[in-house]
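Peer 1: Fold the following and give me the result.
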Amino acid sequence: MDLTEKEIIEKLESGEIKIFEIEKYTDTANQATDIRRKFIERQTGVELNHISKYSIDMTETAKKNIENPIGTIQVPVGVAGPITIHNEEETIETYVPLATTEGALLASVNRGCSVIRRSDGCNVSILSNQMTRSPVIKTKNTIDANKLKKWINDNFNEIKKVAESTTSHGKLLKIDPIAIVGRFVYPRFVYETGDSMGMNMVTIATEEALKLIEKENDIQVLALSGNFCVDKKAAAVNLIEGRGKSVVAEVIVPKEVVEKTLKTTTEAIVEVNYAKNLVGSAISGSYGYNAHFANMVAAIFLATGQDPAHVVEGSLGITTAENDNGDLYFSVTLPDLPVATVGGGTRLETATESLNLLGAKGSNKVERYASIVGGIVLAGELSLIGALAAGHLAKAHKQLGR
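Peer 2: Sure, this is the predicted structure:
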């Protein structure tokens, strides 16, 4: 049916066309996006002049990343760096794009990058690469629940074969832990997912595995996700077991760099970190024994097309600070970084440019990207704890954050 823009809007207003059906009556996804936005403007009386300006091609975006698009939002992007990072495969020196609306954040991270450069770079280790999915299964009683746990352990190889039949990239590493609460069983399927973040991959694979488990046992699968995964929520199991990429970044900052660049002392930073990040987090019941991992994780995630909801998980982790013969040993441990360099939002044009800037777009790049995330979190954390130790935080926000 050939309809003009005016006719489509009129049929939207009359209810003859639903808002999600506009693409059926247009030549391109961008045209459908513009018509949908104009309809919303007429319905609400609000002009969306800035949301209407975008360079993204909505053709693939509307298919894979969002429904009912009306445009885009804009978040300022700045750069910090360069930062020098040594991992087990390479030495990375790069500027890092960060998207945020918080004044003073980029300045602080940039200072941290400077400290790291003057300390001959930081070391980063990727401890694991694993994505999880944990269904909830109902059995008749707790005895049957324990029998199911044993059956899953005894038949792991067969379950693995079925699960991996759905993907050419994912590998089922283990089903552990398997939690039992009453007659409910929560097996945690753990996969390696390569350069993909892998949530869709592991969901499909686990669903296939459950067909086998349900066929061979007198059980009921209540939900494909039973919240023991744990996806997009703060949880101790992710802090302990890890999820996504588990990363540790460390640096030894010479005493003179602490004093000249951070304007404080090693002793002061160690004490502030202990009182704030360790004791303060413990008394609050926090799973984030850190100052502000979420700031850097959110900023680099937004710039590079990661799922922003995973910032919840990325905020988990521990910051340590030690006096190393007068020098400062400083580290951040991020056990739960669900990141990717292929698929998802990484295919968006702006994300592609940011990942290219990092040299981290495409296959066999995810460890480089995870290393950069770890390094930039280290830089931001080091700078903030240094500012707190020196009493500079409020001053910086007065100058840069207002």
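Peer 1: Where does pLDDT dip in the stretch 251-400 of the chain?
Peer 2: Low-confidence segments of the stretch 251-400 of the chain (pLDDT under 70): 392-400.
Peer 1: where do the helices sit along it?
Peer 2: Along the stretch 251-400 of the chain, the stretches classed as helices by DSSP state H, counting those that start in this stretch are 255-261, 266-272, 281-284, 293-304, 311-314, 349-358, 366-390, 393-400.
Peer 1: Tabulate the ones you listed (a markdown table), appending distance to T44 and mean neighbour count.
Peer 2: (Each C-beta comes from the backbone N, C-alpha and C, glycine too.) Written out in a markdown table, the entries for the helices of the stretch 251-400 of the chain read as follows (distance: least, C-beta to C-beta, whole Å; neighbours: other C-beta atoms under 10 Å):
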| stretch | distance to T44 | mean neighbour count |
| --- | --- | --- |
| helix 255-261 | 50 | 16 |
| helix 266-272 | 48 | 19 |
| helix 281-284 | 41 | 11 |
| helix 293-304 | 26 | 25 |
| helix 311-314 | 29 | 24 |
| helix 349-358 | 27 | 18 |
| helix 366-390 | 38 | 26 |
| helix 393-400 | 35 | 14 |
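Peer 1: Please name whichever of these is nearest to C229.
Peer 2: Closest approach to C229 among these (C-beta to C-beta): helix 311-314, 10.2 Å.
Peer 1: picking that back up, of all the helices of the stretch 251-400 of the chain, which one is nearest G242?
Peer 2: In this view, the helices of the stretch 251-400 of the chain are compared for proximity to G242 by C-beta to C-beta, and helix 311-314 is the closest at 10.3 Å.
Peer 1: Dump that closest one to PDB, keeping only the CA atoms.
Peer 2: What follows is helix 311-314 as a C-alpha-only set of coordinates in PDB (Å, rounded to 0.1, in the frame of the first residue of the first chain):
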ATOM      1  CA  VAL A 311      27.100  -0.900  34.600                       C
ATOM      2  CA  VAL A 312      25.300  -2.400  37.600                       C
ATOM      3  CA  GLU A 313      27.600  -5.400  37.400                       C
ATOM      4  CA  GLY A 314      30.600  -3.400  36.400                       C
END
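Peer 1: which residue packs closest to the residue nearest in space to the middle of the chain, ignoring adjacent ones?
Peer 2: If you average the C-alpha coordinates of the chain and look for the closest C-alpha using C-alpha atoms, centre = their mean, you land on H310, 3.9 Å from that point. Ranked by C-beta to C-beta, 6 or more residues apart in numbering and with sequence neighbours excluded, the top spatial neighbour of H310 is P338, at 4.5 Å.
Peer 1: For L98, pull up the helix or strand it's in.
Peer 2: Taking DSSP states H and E as the definition, L98 sits inside strand 91-99.
Peer 1: Just give the nearest non-adjacent residue to A235, would you?
Peer 2: Beyond its immediate neighbours in the sequence, the residue positioned closest to A235 (C-beta to C-beta, 6+ apart) is Y287, lying 7.1 Å away.
Peer 1: Count the residues that sit near the one you found.
Peer 2: Each residue near Y287 was counted by other C-beta atoms under 10 Å, and the total is 19.
Peer 1: And the one 5 residues further on, by the same measure?
Peer 2: Residues lying near H292 (other C-beta under 10 Å) number 20.
Peer 1: quick one: it and E381 touch, right?
Peer 2: Yes - using C-beta atoms under 8 Å as the test, H292 is close enough to E381 to be in contact (6.9 Å).
Peer 1: Pop out the phi and psi values for G170.
Peer 2: Backbone geometry at G170, expressed as degrees, to the nearest 10, gives phi -80, psi 140.
Peer 1: can you pull the contacts of it?
Peer 2: Listed by C-beta atoms under 8 Å, 6 or more residues apart in numbering, the contact partners of G170 are 163-164, 191-194, 198, 201-202, 205.
Peer 1: of those residues, closest to E93?
Peer 2: Taking C-beta to C-beta as the measure, E93 lies nearest G194 of the contacts of G170, at 25.3 Å.
Peer 1: Need the three-state assignment for the closest one.
Peer 2: Taken by DSSP: H, G, I helix; E, B strand; the rest coil, the conformation at G194 corresponds to coil.
Peer 1: ok, it touching G362?
Peer 2: No - look at G194 against G362 with C-beta under 8 Å: they stay out of range, at 11.5 Å.
Peer 1: between these two, who's got more neighbours?
Peer 2: Each of G194 and G362 has its neighbours counted (other C-beta under 10 Å); G194 has more, 21 against 14.
Peer 1: can you count the residues close to the nearest residue to the more buried one once chain neighbours are set aside?
Peer 2: Taking C-beta to C-beta, 6+ apart, and ignoring the residues beside it in sequence, G194 has H169 as its nearest neighbour in space, at 4.8 Å. Other residues near H169 come to 15 when the count uses other C-beta under 10 Å.
Peer 1: Work out for me the element H169 sits within.
Peer 2: Under the assignment here (DSSP H and E), H169 is part of no helix and no strand.
Peer 1: Surely it touches Y191?
Peer 2: No - contact criterion C-beta under 8 Å: H169 and Y191 do not qualify, at 9.4 Å.
Peer 1: what's the overlap in contacts for those two?
Peer 2: Residues touching both H169 and Y191 comprise M201, with contact defined as C-beta under 8 Å, 6+ apart.
Peer 1: Next, the contact list for G15, please.
Peer 2: Counting by C-beta under 8 Å, 6+ apart, G15 has no contacts.
Peer 1: just A340 next, same as before
Peer 2: For A340, the residues meeting the contact criterion (C-beta under 8 Å, 6+ apart) are 195-198, 306, 346, 366.
Peer 1: CSV please, covering these and showing distance to N146.
Peer 2: Output for the contacts of A340, formatted as CSV (distance: C-beta to C-beta, whole Å):
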residue, distance to N146
D195, 38
S196, 35
M197, 33
G198, 30
Q306, 39
T346, 42
V366, 38
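Peer 1: domain parsing for this structure?
Peer 2: Residue ranges of the domains in the chain are recorded as 23-74, 77-128+243-400, 135-223, according to automatic domain parsing.
Peer 1: With respect to burial, which of those domains scores highest?
Peer 2: domain 77-128+243-400 (a mean of 21; mean count of other C-beta atoms under 10 Å).
Peer 1: And that one, how far out from the chain middle?
Peer 2: Distance of domain 77-128+243-400 from the chain centroid (C-alpha atoms, centre = their mean, to the nearest Å) equals 14 Å.
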